[in-house]
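Student: Could you work out the structure for the sequence below:
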Amino acid sequence: MTNNLPTPPVDSHSMASPESAFDPAELCSQLIRFDTTNHGEGKSAGEKECAEYIASLLQSAGYAPLLLGPSPERTSVVLRVEGRDRTLPGLLVHAHLDVVPAEPEQWSRDPFSGEIADGYVYGRGASDMKDMVAMTLATLLEWAQQGIRPQRDIVVAFVADEEDKGDYGALWLAAEHPELFTGVEAAIGESGGHATLLTAVDGSPVRLYPVAVAERGTLHIRVRAQGTSGHGSRPVPVNAVKILISALERVGQHQWPLTLTPAVKSYIEQTTAALGHRADLETEEGVQLAIETMGAAGTVAAVTIRCSSTPTVLRAGYKVNVIPGTAEADIDIRCLPGTEESTMAVIDSLLGPGITREFLSHQPPTQSDAGSHWFDSMSTALTRHDPDAVVVPYCMGGGTDAKAFAPLGISCFGFAPLGADPEGRTVDGVHGIDERVPVASLRSGQRILRDFLENV
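Tutor: This is a model prediction of the structure:
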């Protein structure tokens, strides 16, 4: 650690005053001003500077953070806070520092200004997920100032590269430094614990807080067809492009069967019950009707009742009058817990002869226990701060760094709490334009997070 660590650019609209030095909204604003765009294919910016800034704050507070990464530019911060009872299993809190690219010309503000206005913190990463980084950091700094130790060991990891494959972040940490997670039994990370505002049948408001207990697996594959090259004016008997297109059509049009995993079933049943509906999940028609009655909460259910396979990238040829001998494509496959083997067997049958495949990313699905004390503690923290909270388990349609930590035997949950904004503001613009998070939600979320970490 050096004494010349970076500071974010000075910006008078979002500088914290001494009494609000640990305000998660102000910290989130400061973190956004580090452009940590992940361009994919190993290309990134700013992760090192952001990690060093966080480490400098932690070190100044008396902690001993580690700066780790496979290269100087791809840096993560890891810290263990020793608990009062070290015989208890530890908990991991993970959040990523990188963000997806932004197109400034489409935004109403500079994506990396961290502007605080109209009750929001604006900027790329505001809700994915520098909000959770800020809430966790604020909690750590408050603990240091107030001399507080949690009940059990808390390992905190602010990681690089989540928005690509994780090879330079969580996957690298888990593979190269598993000792950092010794004694850790459970983990919390992104995509869960946010207030979702719904309306019940009788018109009453319902505040739903889904907590992720499962994730669909990420099985990205590259497929390749081999044929005979030749002149475009003379068709060949084995055309790689035609073989590949036919295979992709079969994969893309395949109707995956309805599969209700425990997390998905519980999510639909408990949410519809909270809204005053009775879900009939015995038939496919009943499931679809139940999802429709869930309103905004039905979006994630709709993509987690089945596996999916989506062709996303095509590569073939180099000249219009030349038939290429090879054609390849990338396919994004998402499988539900318990279905990985059967899913890939179906994919192989759909691809058919003449096609080979290889994994670009092979991260199996995760599944944790919604009946565990970990989940109960999250629910308790949420209802302590919002007595009307309806806390339900759910399955994520996509994926997070949980997939890197689950193979270490860690039960992973999506819990990065954000409370309901009193004026109805909500998170918006994730991976899109004018990304923002309500200031009030950040502040209440940090109180919920601290409550959970101190009492779990």
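Student: show me the contacts for residue 32.
Tutor: Shown in contact with residue 32 (CB atoms under 8 Å, 6 or more residues apart in numbering): 112, 113, 114, 121, 122, 123, 124, 125, 126, 130. Using the backbone N, CA and C atoms, a C-beta is placed for each residue, glycine as well.
Student: got a pLDDT number for it?
Tutor: On pLDDT, residue 32 comes in at 98.
Student: List phi and psi for it.
Tutor: Dihedral pair for residue 32: phi -60, psi -30, per degrees, to the nearest 10.
Student: What number of residues are in the vicinity of the nearest residue to residue 362 once chain neighbours are set aside?
Tutor: Excluding the flanking residues, the one nearest residue 362 by CB to CB, 6 or more residues apart in numbering is residue 219, at 6.1 Å. By other CB atoms under 10 Å, the residues close to residue 219 number 23.
Student: again with residue 358
Tutor: For residue 358, the neighbour count with other CB under 10 Å is 11.
Student: If it is in a bridge, with which residues?
Tutor: residue 222 (DSSP bridges).
Student: hmm, back to that, helices - which of the contacts of residue 32 land there?
Tutor: residue 130 (DSSP state H).
Student: For residue 193, see how far away residue 157 is.
Tutor: Remark: distance between residue 157 and residue 193 (CB to CB, to the nearest Å) = 18 Å.
Student: picking that back up, ok, and for the helix or strand containing the residue nearest to residue 362, which residues are buried?
Tutor: Residue 219 belongs to strand 217-226 when elements are defined using DSSP states H and E. Within strand 217-226, the residues scored as buried using 16 or more other CB atoms under 10 Å are 217, 218, 219, 220, 221, 223, 224, 225.
Student: With respect to residue 416, which of those residues is nearest?
Tutor: Nearest to residue 416, judged by CB to CB, of the buried residues of strand 217-226 is residue 218 at 19.4 Å.
Student: so the closest one makes contact with residue 340?
Tutor: No - with contact defined as CB atoms under 8 Å, residue 218 does not reach residue 340; the gap is 10.6 Å.
Student: For this protein, just list every one of the helices.
Tutor: Using DSSP H, helices in the chain cover 24-32, 47-60, 130-146, 170-176, 240-253, 262-274, 284-293, 298-302, 340-351, 373-385, 402-405, 439-455.
Student: Could you point out which of the ones you listed sits nearest residue 231?
Tutor: The nearest among the helices of the chain, by CB to CB, is helix 240-253 at 14.3 Å.
Student: That closest one to strand 217-226, inter-axis angle?
Tutor: 150 degrees (axes from the mean of the first three to the mean of the last three CA atoms, to 10 degrees).
Student: quick check, distance from helix 240-253 to the centre of its chain.
Tutor: On the basis of CA atoms, centre = their mean, to the nearest Å, helix 240-253 sits 31 Å off its chain's mean C-alpha point.
Student: again, but for stretch 280-289
Tutor: That offset, for stretch 280-289, works out to 29 Å (CA atoms, centre = their mean).
Student: now swap in stretch 334-348 and tell me
Tutor: 21 Å.
Student: Just the mean pLDDT for that stretch, thanks.
Tutor: Mean per-residue pLDDT for stretch 334-348: 97.
Student: Any buried residues in it, and which?
Tutor: Burial within stretch 334-348, assessed by neighbour count using 16+ other CB under 10 Å, is assigned to 334, 335, 336, 337, 339, 340, 343, 344, 346, 347.
Student: ok, and what's touching the lowest-mean-pLDDT helix or strand in the chain?
Tutor: The helix or strand of the chain with the poorest confidence is strand 43-44; it has a mean of 87 (mean pLDDT, DSSP states H and E). Strand 43-44 is contacted by residues 36, 37, 38, 73, 74, 98, 160, 161, 164, 168 when judged by CB under 8 Å, 6+ apart.
Student: Next one: the second one, what pLDDT does it get?
Tutor: On pLDDT, residue 37 comes in at 96.
Student: And for it, the neighbour number?
Tutor: Neighbour tally, residue 37, other CB under 10 Å: 21.
Student: I figured it was touching residue 111, is that so?
Tutor: No - between residue 37 and residue 111 there is no contact under CB under 8 Å: 9.1 Å.
Student: overlap in contacts of these two?
Tutor: 102, 124.
Student: Flag the shaky bits of this structure, pLDDT-wise.
Tutor: 1-21 (pLDDT under 70).
Student: Name all residues that make contact with the spatially most central residue of it.
Tutor: With distances taken as CA atoms, centre = their mean, the residue of the chain nearest its centroid is residue 400 (3.9 Å). For residue 400, the contact set (CB under 8 Å, 6+ apart) comprises 162, 189, 190, 191, 215, 414.
Student: can you rerun that using 10 Å?
Tutor: Neighbouring residues of residue 400 by CB atoms under 10 Å, 6 or more residues apart in numbering: 94-96, 129, 162, 166, 170, 187, 189-192, 212, 215, 218, 363, 366, 412, 414, 416.
Student: what sits in contact with each of residue 218 and residue 340?
Tutor: Common neighbours of residue 218 and residue 340 (CB under 10 Å, 6+ apart) are 333, 362, 364, 365.
Student: The first one: what's it in contact with?
Tutor: Going by CB under 10 Å, 6+ apart, residue 333 touches 216-221, 251, 307-310, 340, 343-344, 346-347, 359, 361.
Student: and what of the third one?
Tutor: Shown in contact with residue 364 (CB under 10 Å, 6+ apart): 215, 216, 217, 218, 219, 335, 337, 340, 341, 403, 406, 407.
Student: No further queries at this time; thank you.
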